[in-house]
Each structure stands twice: as C-alpha cells, then as structure tokens.
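Chemist: sharing a model that was predicted from the sequence below.
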Amino acid sequence: MAGWRHSIHPPRESLAATVTEDEQAASGRHFARLQQLLADDALIPAGPTPGPIDTGVAVFEAASEEAARRLMDADPAIAERFARRGLRPSQVSLLRGRD
C-alpha cells in the first residue's frame, strides 16, 4: 500500500478565530471521519498545524492515487466545500511503535 499526505486548507486565514457554526459542524464531521479511518487502520497520523494559516495534515494508506482521492473527497470538509484539498505521495520511513 502506498502512503499519501492529505492537506486540508481552510477558506481563509485564522479560521479557528472566525469559525462559523456551519464550519464548526463540518469540522466535527471531518474529525469523525478521521477517527473512522484510524479505526479502519488506514490513517497513520493526523492533526492541525495551527497558526495564522490553519492547515490540517493527514497521512494515510491507499492502494492507488485514485483510491486516495476517493478517501480525500469523502471527507466532509472537502465534500461540503468548507476546505480545499491537496494530495501528495508520502512515505513513512520511521514511526514510533512501528517496525
């Protein structure tokens, strides 16, 4: 399985400071989706990079680029157009707890 880095870019800088109720609700659905990917053993790490430009990053495994795009496009933040996406191949060479 190949590794993929999914970046999530919000619609504006400092989203956390100006989040709307709809965006907050989408964020909850986005987080629940990440939790499901973790439970399905597809997600490796995920988390925000807070700051003036809030970005989220997730690294996951998928069989192909097409499968990775399907996973990414199913994310509520992307599907509901609360965020833009980015996708790049990624390789996890070292990870605590993994041989």
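Modeler: Arrived safely, thanks for sending.
Chemist: which helix in this structure runs the most residues?
Modeler: Across the chain, the helix with the greatest residue count (assigned by DSSP state H) is helix 21-39.
Chemist: tell me how far that helix lies from the chain's centre.
Modeler: Going by C-alpha atoms, centre = their mean, to the nearest Å, the spacing between the C-alpha centre of helix 21-39 and its chain's C-alpha centre is 10 Å.
Chemist: repeat that for stretch 10-22.
Modeler: With C-alpha atoms, centre = their mean as the basis, the distance from the averaged C-alpha position of stretch 10-22 to the chain average is 16 Å.
Chemist: next: stretch 49-68.
Modeler: In terms of C-alpha atoms, centre = their mean, the gap separating the centre of stretch 49-68 from the centre of its chain is 4 Å.
Chemist: repeat for stretch 43-61
Modeler: The mean C-alpha position of stretch 43-61 is separated from the chain mean by 6 Å, C-alpha atoms, centre = their mean.
Chemist: name the SS class of the residue nearest the centre of the chain, please.
Modeler: When C-alpha atoms, centre = their mean is applied to the chain, the residue found nearest the centroid is residue 58 (4.3 Å). Local secondary structure at residue 58 is given as strand here, using DSSP: H, G, I helix; E, B strand; the rest coil.
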